[in-house]
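J.: Need the 3D shape of this:
(2 chains)
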Amino acid sequence: MLFSYIMKKIVLWQHYNKEEHHDADYLEKDISMSLAENIEFFRLILGDSNDIKIHEFIFGSNCEFSGVLIYIDGLVDNLEITESILKPIILNKNFEENAIENFTMMNLKKSIICLGDITESSIYSNLFEGCLSGNTILLVDGLSTGLVISTKGWEKRSVTEPQTESVVRGPREGFTEDFRTNTSLIRRRIKSPKLKMENMIIGRKTYTNICIAYIEGVAKPEVLQTLRNRLRAIDVDSIMDSGYIEQYIEDYPFSIFPTIGYSEKPDVIAAKILEGRIAVVVDGSPFVLTVPMLFVESFQSAEDYYVRPIYASLIRLMRFFAYFIAIYAVPGFIALTTFHQELIPTTLLFTVAKAREATPFPAIIEALIMVISFEILREAGLRLPRPVGQAISIVGALIMGDAAVSAGIVGAPMVITVAIGAVSEFIIPDQGDSISILRIIMMFLASALGGFGLSVGFLGVLIHLAILEPFGIPYFASVKFSRDQQDSFVRLPLWVMEDRPKGLSYIDEKRKKTFIPPNGKK
Amino acid sequence: MKIDKGKISGIQFMFTVACFLQSSSLLTSFFTSITKQDSWIVTILGFIVSIPSLLIYTYIMKIFPDKNLVEVNDIVFGPIIGKLFSIVYLWFFMTLSSLNIKDLGDFVHKTTMQKTPAIIILGIFMLLCAWAVRNGIEVVTRYSMFFTLIAIFIVISTSFLTMNQMKIDNFLPMLNQPRMIYIQGAHIISTIPFGEVMVFLMIHPNLEIEPKQRRKYYTYGFIIGGLTLLTIVIRDTAVLGNTIKIFALPPFETLRLISIYSGLSRIEVLFAVSLIMLMFFKICILYYVTVMSIAYIFNLKSFKSLVISVGIIIIMYSFSIYPSIIVHMNSASKTAPFQWFMFETILPFITIIVAKIRKLPKLKKGMI
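T.: Sure thing, here's the model as predicted:
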């Protein structure tokens, strides 16, 4: 069923992209009645690749039929082919008299093959498409249609705990690289019939499966239509990861703020779909995208909703504070030491002055040295094999921290400031890129204009955030809509959050019908 | 014809008005230097005195719900005299913008960066405002609630922190000054911070709310702003007493006095931050209003190309408007209130009278 749906989509999609797909045109013809010709054509197109298996066989009461199975070894479940296709066909000797005249694929499909997902097709392109995505093709001599039988089965990673978003409390399963597993993980969490999954295939060479998941009546139709249009407009060779899709459909490619969210956890994606967002599952990527993204999303962790609200709110506030510190710790220190020494408490001022006395560079150079070497260390720690990564952190801690100070290249207060900024950055992984870029911009503003420059930078960021409207939804919506305050700077108890976020949801705005506190007292 | 299609919700409008008033409340010296320890009485008086003006504005908003001030002038006075009126208003808006940016530039220049040329500070700030204004009224007013709440938080928390410095004696002697001082003070307050809310007559067509509801939100915002101003004045008087008259920035001096076991001190940074934030908001609104009135006077299709050039004019104007801060203070407390009074009360009042005589809104309704 689903496969026929995909096939329909392919046809539609190929129709849509007719001009661009000259290379697929020669497949757009009906298959031949002669089995030999068909096999010849398959050999011609697929070449001598040794993973393509073409298995010819004969069947019927008196072995009057000849057929062929075409599949790709490794993409199919061999046991299933033997047990459910070959055995029933070959062992069936109960064909009627004059079967040859009346025999159709319908007979095979309906009464012989023991598999559920079978599509009948008479066009080469459908057969090739099916074969290459792990299905088995069955052709019979003298018939003008072939069967595409779903026998997918390949090695895949099992569902494990994701490495990026670990939680103390909450579900631990994560998406894998397998498309069907990912959609099933979403489907298992939302059993409503309103959960719709639309498939399309993108990539001229990779034919990557893409699925849009949303809840009808909750997701905004305008956003959905925009998303569909943008996905359909993608015309590239390959889609390797959901990151490709993200870059092809985002509204502000040159903004430092991400406008499309992603997650590796099915519970997070399900919650976002329930808030009115639309998920994009991409085959081969464990990261599922959600559109549109709001700024506060970066500060909402899955665990916030699983622990009790007061602590969750405290942590939420702490994250905003950490975001602020990650950007402003170093620039603030530069501004203080360069322009506003009077604001530093006197005792601390002595220490800072002593440290500054010993170092040869102005504060901005000092900060740049530290920030850049930190970024290098971090990148090195990420890319290196794990055992070497340990060594790098020791080098970083000892040489960059202690030795740089004793060598007199940077002052100790600067090391502390950079370290605080760096640690704070890890609390909000989603905004990592905006933090790194903003920090450097603010450092230059601070060294040129001091506190005034920092204020100007802050206001500039606010203006930029106000301008962003991914998919027509205000990015900084929690400032615009007062209703969204229930889940932005603090997280109110779940039983208080009656409405979905205002900017996102469409008709079905209420999460629940009646307001009942947990203890039942109104 | 609407150039800017941005929409403002009711709550947002309320906070916009409040924030606009709060931004003036940080620079209180123009009346505290005259009325000294009785400033808080004068603030209440000024608030009451400016209520009729508020009624005038909301009445204009009600009878012309989708026309801004320039269009109203055109309708009420006809194309030629209307344009003249609009140009006079334009001068008013532009003067307000340059005065405010001058205030901000002076503050930054005097307190932190004495050696930096003023043009750098103003230029950078104006570029920032231009960025916001170019993107329309929605972006300009987006942070009104955020800024208002921060300002209220700062005012309330500093009021508690200065509790140990406050003396009830500082309010004495009460009502012991010449009677004219109170009239003058009330007049200044009703024109300079409160009367300036008439600029929202240029913005109200973008409101998403019913014409009948506008008065409600407008008044609430006005009350929030007024209460903040009153709190600031009472706090400053309680802390500084009679000496309030000698400071150019009384709230700044008040916050400077905060020192709780030497741990919590240097709170005046908060003042600087909130001043820059709120002034940014106010200047953006005034700047936007200036740009929009030019666009409407000349019937332009878009205002975006005007933004930078108007910004440059405002900066130049702010440099040449007063030769020194003494003249500025003098003018703010002696001549400006009378000039502003004309724009803020008399002209809108004339507009209403003429509209009444010509029975304009009724005709308009009949036509629709």
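
J.: Which stretches in chain B count as strands?
T.: Under the criterion DSSP state E, chain B contains strands at B:259-260, B:264-265.

J.: same question for the last one, mean pLDDT?
T.: Read it as strand B:264-265. Taken as a whole, strand B:264-265 has an average pLDDT of 70.

J.: Of all the strands of chain B, which one comes closest to chain A?
T.: Chain A lies closest, by CB to the nearest CB, to one member of those: strand B:264-265, at 7.8 Å. For the C-beta atoms, the positions are set from N, CA and C on the backbone; glycine is no exception.

J.: possible to save the strands of chain B as TSV with mean neighbour count and distance to chain A?
T.: What follows is those, written out as TSV (neighbours: other CB atoms under 10 Å in any protein chain shown; distance: least, CB to the nearest CB, whole Å):
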stretch	mean neighbour count	distance to chain A
strand B:259-260	13	11
strand B:264-265	13	8
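
J.: mind putting those strands in TSV, distance to A:Val268 included?
T.: Output for these, formatted as TSV (distance: least, CB to CB, whole Å):
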stretch	distance to A:Val268
strand B:259-260	44
strand B:264-265	41
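
J.: ok, A:Met370 - contacts?
T.: A:Met370 makes contacts with A:330, A:400, A:404, A:410, A:414-415, A:418, as judged by CB atoms under 8 Å, 6 or more residues apart in numbering or on different chains.

J.: Out of those residues, the closest to A:Phe361 would be?
T.: The shortest approach to A:Phe361 among the contacts of A:Met370 belongs to A:Val410, at 7.9 Å (CB to CB).

J.: Distance across stretch B:27-45, terminal residue to terminal residue?
T.: 18 Å (CA to CA, to the nearest Å).

J.: check whether stretch B:224-243 contacts chain A.
T.: No - on the criterion CB under 8 Å from any CB of the partner chain, stretch B:224-243 is out of touch with chain A, staying 14.9 Å away.

J.: can you list the domain ranges for chain A.
T.: A:2-149, A:179-293, A:309-472 (automatic domain parsing).

J.: Could you verify that A:Val236 is part of a strand?
T.: No - judged by DSSP: H, G, I helix; E, B strand; the rest coil, A:Val236 forms no part of a strand; its state is coil.

J.: State the number of residues packed around it.
T.: By other CB atoms under 10 Å in any protein chain shown, 14 other residues sit near A:Val236.

J.: Apart from its neighbours in sequence, what residue is nearest it?
T.: A:Gly203 (6.4 Å; CB to CB, 6 or more residues apart in numbering or on different chains).

J.: ok, now how distant is B:Ile267 from chain A?
T.: As judged by CB to the nearest CB, to the nearest Å, B:Ile267 and chain A stand 10 Å apart.

J.: Include mean pLDDT and distance to B:Val307 when you put the domains of chain A into JSON lines, please.
T.: Below are these laid out as JSON lines (pLDDT from 0 to 100; distance: least, CB to CB, whole Å):
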{"stretch": "domain A:2-149", "mean pLDDT": "79", "distance to B:Val307": "41"}
{"stretch": "domain A:179-293", "mean pLDDT": "91", "distance to B:Val307": "21"}
{"stretch": "domain A:309-472", "mean pLDDT": "87", "distance to B:Val307": "13"}
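
J.: circling back: name all residues that make contact with the residue nearest to A:Val236.
T.: A:236-239.

J.: Name the nearest residue to B:Ile152, ignoring sequence neighbours.
T.: B:Thr228 (6.4 Å).

J.: Does that neighbour touch B:Ser25 like I think?
T.: Yes - at 5.6 Å, B:Thr228 and B:Ser25 qualify as touching, with contact defined as CB atoms under 8 Å.

J.: Report how many residues lie close to B:Ile120.
T.: Neighbours of B:Ile120 (other CB under 10 Å): 16.

J.: Surely A:Thr290 is in a strand?
T.: Yes - assessed by three-state DSSP, A:Thr290 belongs to a strand.

J.: which residues are contacting stretch A:312-324?
T.: By CB under 8 Å, 6+ apart, stretch A:312-324 touches A:299-301, A:303-305, A:424-425, A:427-428, A:431, A:435, A:489-492.

J.: Buried ones among those residues?
T.: A:299-301, A:304-305, A:424-425, A:427-428, A:431, A:435, A:491 (16 or more other CB atoms under 10 Å in any protein chain shown).

J.: Can you tell me which of the residues you listed is nearest chain B?
T.: A:Phe299 (15.5 Å).

J.: what are the phi and psi angles of the closest one?
T.: phi -100, psi 0 (degrees, to the nearest 10).

J.: now swap in A:Ile239 and tell me
T.: Torsion angles, degrees, to the nearest 10, at A:Ile239: phi -130, psi 110.

J.: From what I see, it and A:Met200 are in contact.
T.: No - between A:Ile239 and A:Met200 there is no contact under CB under 8 Å: 11.1 Å.

J.: Between the two, which is the more surrounded one?
T.: A:Ile239 (25 against 19).

J.: if I look at the residue of the stretch 51-200 of chain A found nearest chain B, how far off is A:Gly116?
T.: Chain B sits closest to A:Glu165 of the stretch 51-200 of chain A, with a gap of 28.8 Å, by CB to the nearest CB. Between A:Glu165 and A:Gly116 the computed distance is 35 Å (CB to CB, to the nearest Å).

J.: So between these two, which is more surrounded?
T.: A:Glu165 (18 against 9).

J.: give the contact list for the more buried one.
T.: A:263-265, A:268, A:301-302.

J.: who in chain B is up against chain A?
T.: Near chain A, when you scan chain B using CB under 8 Å from any CB, you find B:11-12, B:108, B:112-113, B:116, B:121, B:124-125, B:128, B:131-132, B:135, B:138-139, B:142-143, B:145-146, B:262, B:265-266, B:269, B:272-273, B:276-277, B:280.

J.: Quick one: buried ones out of the residues you listed?
T.: B:11-12, B:108, B:112-113, B:116, B:121, B:124-125, B:128, B:131-132, B:135, B:138-139, B:142-143, B:145-146, B:265, B:272-273, B:276-277, B:280.

J.: in the longest helix along chain A, what counts as buried?
T.: Using DSSP state H, we find that the single longest helix of chain A is helix A:432-467. Of the residues in helix A:432-467, those buried by neighbour count under the rule 16+ other CB under 10 Å are A:434-436, A:438-440, A:442-443, A:445-467.

J.: contact partners of stretch A:65-79?
T.: Residues contacting stretch A:65-79 (CB under 8 Å, 6+ apart): A:35, A:38-39, A:42, A:51-59, A:81, A:85-86, A:89, A:100, A:103, A:127, A:131-141, A:151-154.

J.: That stretch spans what distance, first to last residue?
T.: 23 Å.

J.: residue contacts, the residue nearest to B:Pro348 when sequence neighbours are not counted?
T.: Nearest non-adjacent residue to B:Pro348, counting by CB to CB, 6+ apart: B:Ile56, 4.8 Å away. Residues near B:Ile56 by CB under 8 Å, 6+ apart: B:345, B:348-349, B:352.

J.: Kindly indicate which of those residues lies nearest A:Pro292.
T.: So of these, ranked by how close each gets to A:Pro292 (CB to CB), first place is B:Pro348, at 42.6 Å.

J.: isn't the closest one right next to B:Ile60, touching?
T.: Yes - using CB under 8 Å, B:Pro348 is in contact with B:Ile60, at 6.2 Å.

J.: If you count surrounding residues, which of these two has more?
T.: B:Ile60 (23 against 20).

J.: State the distance from the more buried one to chain A.
T.: B:Ile60 is 27 Å from chain A, by CB to the nearest CB.

J.: check contacts around that residue.
T.: Per CB under 8 Å, 6+ apart, neighbours of B:Ile60: B:69, B:72, B:201, B:348, B:351-352.
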